[in-house]
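S.K.: the following comprises the amino acid sequence and a computationally predicted model.
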Amino acid sequence: MKRIQKVGLTNFILLISSLILVIILIGFSYIKNSASVNDMAHTWEVKNNIRRVSASISKMESFGLAYESTRKLKYKHAFRQAQEQYDSLLLSLKNLVADNEAQVARVEDISRHMNQNIAQFERRMAIENYREVRKQDMELHFIGDIEQKLEELLSVENALLEDRNQKFAIWKVIILGALGIATVIVFLSLFNLIKRIKPLIEELLATQSKLEQANRDMEKTLKELKTLNREKENEIKAKEAAIDEAEKLNESLIAKNQQLDHFAYVASHDLQEPLRTVSNYLEIFQEDFPERLEGEATLYFQFINKAVERMRNLISGLLSFSRLGTSGQMEHIDLNVTLQKIREDLDSIIEQRNIILEYGNLPSVKGYRIEIKQLFQNLISNAIKFTAPNTDPHIIITFEETTNYYNFHIADNGIGIPEKDFSKIFDMFSRLHSAKDYEGQGIGLAFCKKIVELHLGNIWVSSKFGEGSTVHFTLKK
């Protein structure tokens, strides 16, 4: 007590007063800075909204022109989406400048001009023959009509921002000066006070140092315990998750194998046995009663034999389809080696038809080796098969890499695919041509789709009928 009483009362009161002044100045600074910052943030938000309105109007103009030129619905829908975005942004802009009547008037002027332009575009879209629109010699302009009005909005907001920046700078200088003076007063008072209570402070600092060291030791111990606890918890969770995943995979594998075994039995016995019986009796009839096979009867027997053979091939294809993904474990596959093996398998037809097969250095992927080879071989074989007889097939394989996937593209110069059949070609037993024109069972691309999906990817096609096709697919890394 006596040691505290030795401290000068005047210095103590001056120090407390200075501290109160500093607190008041800091509070006042915070209020003023917050108000200035909010005003500037509001101005920046208005400017960004104006730019987004301008961008949405540009989109409407671009999609509108695209629709008039092509009459494709996707551009019309894109125009509608851009219009909805414009309406939303314009409403937001009106709310943001509601405190400025001049800015509100400019926004409403922009709205009127845009409504006129949109109404004009609606009349043009109503014309069924887009050539008639061109004959009218009308040009569609949205952004050009209101660009100056948007610039006026921006210039007003820029002026507001500059003014608010200046006010913020002035207040900052005033507040910093006041804080500097208060700091000097506090420093002098504190210096005099510390000089008088230095022994007490040294004792307190020594005690504080000991307490801090004890606290650090305790915190260090607690952190080590928490780290060990987290590691144990993560280890337990990882083991539990691995066990659950293994059990689920095991159950799925057992169920899948049971289904495959049942299907294989049905396909190899219950379905193929009747076909073998029919085929055998046809052969017996042809051998025992050749004198009865005259004229149309011979033709009918040929039809029956071909139908039986087609049925046998279809059943065999279904069996192979069901077994996709059961050829073994996933492994890393060098696609350059895979493509080289495919080229060797197709060597005779490549030489016979002067086929050009181009590809650069391809990546290594993780997957089922047999299925990946079948995927590329099916797509390359299709590209060869569906090329006109008097045309040398030219096949180009490219890819690009993303964060999680490899995107592959196999392009050809074949007969192409009509746009309406883009999704149909991946269905089981789907054929776009008769068997006499192009042989096959219609299951090759269905195989490709299932293989890609086994590897957590997607497959689709783009084509210009009569000029070639490109099959695109993704494989997860």
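M.R.: Nice, thanks for sending it over.

S.K.: how long is stretch 377-391 end to end?
M.R.: Start to finish, the residues bounding stretch 377-391 are 20 Å apart (CA to CA, to the nearest Å).

S.K.: for stretch 386-405, that is, sorry about that
M.R.: Termini of stretch 386-405 sit 29 Å apart (CA to CA).

S.K.: please identify the buried residues of it?
M.R.: By neighbour count with 16 or more other CB atoms under 10 Å, stretch 386-405 contains the buried residues 386-387, 393-397, 399, 405. Glycine gets a C-beta too; all of them are placed from N, C-alpha and C.

S.K.: mean confidence score for that stretch?
M.R.: Stretch 386-405 shows a mean pLDDT of 91.

S.K.: just the buried residues of stretch 386-405: which are in strands?
M.R.: 394-397, 399, 405 (DSSP state E).

S.K.: isn't I349 right up against A383?
M.R.: No. Applying CB atoms under 8 Å as the test, I349 and A383 come out as separate, 11.8 Å apart.

S.K.: tell me which of those two has more neighbours.
M.R.: Taking neighbours as other CB atoms under 10 Å, I349 and A383 compare with A383 leading, 25 against 13.

S.K.: who touches that one in this structure?
M.R.: For A383, the contact set (CB atoms under 8 Å, 6 or more residues apart in numbering) comprises 393, 395, 410, 412, 414, 469.

S.K.: distance to K72 added to these, as JSON lines?
M.R.: Shown next, in JSON lines, are the contacts of A383 (distance: CB to CB, whole Å):
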{"residue": "P393", "distance to K72": "31"}
{"residue": "I395", "distance to K72": "29"}
{"residue": "I410", "distance to K72": "26"}
{"residue": "D412", "distance to K72": "25"}
{"residue": "G414", "distance to K72": "25"}
{"residue": "S469", "distance to K72": "20"}
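
S.K.: nearest to K223 among the residues you listed?
M.R.: When the contacts of A383 are ranked by distance to K223 (CB to CB), I410 comes first, at 55.9 Å.

S.K.: what is the neighbour count of that closest one?
M.R.: Using other CB under 10 Å, I410 has 22 neighbouring residues.

S.K.: likewise the one 5 residues further on?
M.R.: Applying the criterion other CB under 10 Å, we find 19 residues in the vicinity of I415.

S.K.: doesn't it fall inside a helix?
M.R.: No. If the criterion is DSSP: H, G, I helix; E, B strand; the rest coil, then I415 is coil and not within a helix.

S.K.: got phi/psi on it?
M.R.: The phi/psi pair for I415 (degrees, to the nearest 10) reads phi -80, psi -10.

S.K.: residue contacts, it?
M.R.: Neighbouring residues of I415 by CB under 8 Å, 6+ apart: 386-388, 465-466.

S.K.: widest-spaced pair of those?
M.R.: T387 and F465 (14.0 Å).

S.K.: K449 contacts F426, doesn't it?
M.R.: Yes. Applying CB under 8 Å as the test, K449 and F426 come out as touching, 4.5 Å apart.

S.K.: quickly list what's touching both of these two.
M.R.: Common contacts of K449 and F426 (CB under 8 Å, 6+ apart): I459.

S.K.: export the ones in strands among the buried residues of stretch 386-405 to a markdown table and tack on distance to L375?
M.R.: Shown next, in a markdown table, are those (distance: CB to CB, whole Å):
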| residue | distance to L375 |
| --- | --- |
| H394 | 20 |
| I395 | 14 |
| I396 | 17 |
| I397 | 12 |
| F399 | 13 |
| Y405 | 15 |
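
S.K.: and which of those is nearest to E147?
M.R.: For these, the nearest to E147 is Y405 (40.9 Å; CB to CB).

S.K.: look at the nearest residue to that closest one once chain neighbours are set aside and give its secondary structure.
M.R.: With CB to CB, 6 or more residues apart in numbering as the criterion, Y405 has its nearest non-adjacent residue at 4.5 Å, and that residue is T474. When classified by three-state DSSP, T474 comes out as strand.

S.K.: now do T474 against R369, distance only.
M.R.: From T474 over to R369 the distance is 19 Å, taken as CB to CB, to the nearest Å.

S.K.: got it, and I13?
M.R.: When I13 is compared with R369 (using CB to CB), they lie 87 Å apart.

S.K.: okay, those two: which has more neighbours?
M.R.: R369 (16 against 11).

S.K.: would you check that that one makes contact with E331?
M.R.: Yes. If you go by CB under 8 Å, R369 and E331 touch, sitting 6.2 Å apart.

S.K.: ramachandran coordinates for V365?
M.R.: phi -120, psi 160.

S.K.: beta partners for it?
M.R.: With DSSP bridges as the criterion, V365 is bridged to I333.

S.K.: distance from the helix or strand where L91 lies to the middle of the chain?
M.R.: Using DSSP states H and E, L91 sits in helix 73-96. Relative to the centre of its chain, helix 73-96 is centred 23 Å away, using CA atoms, centre = their mean, to the nearest Å.

S.K.: what packs against it?
M.R.: Counting by 3 or more CB pairs under 8 Å, 6 or more residues apart in numbering; DSSP states H and E, the packing neighbours recorded for helix 73-96 are helix 9-70, helix 101-125.

S.K.: show me where the stretch 251-400 of the chain has its helices.
M.R.: With helices called from DSSP state H, counting those that start in this stretch, the stretch 251-400 of the chain shows them at 272-288, 296-322, 335-345, 347-353, 369-385.

S.K.: right, and these - which one's nearest V461?
M.R.: From those, taking CB to CB, the stretch that ends up closest is helix 369-385, at 10.1 Å.

S.K.: rewinding a little: now the helix holding L91 against helix 9-70, angle please.
M.R.: Taking axes from the mean of the first three to the mean of the last three CA atoms, to 10 degrees, one finds helix 73-96 and helix 9-70 inclined to each other by 150 degrees.
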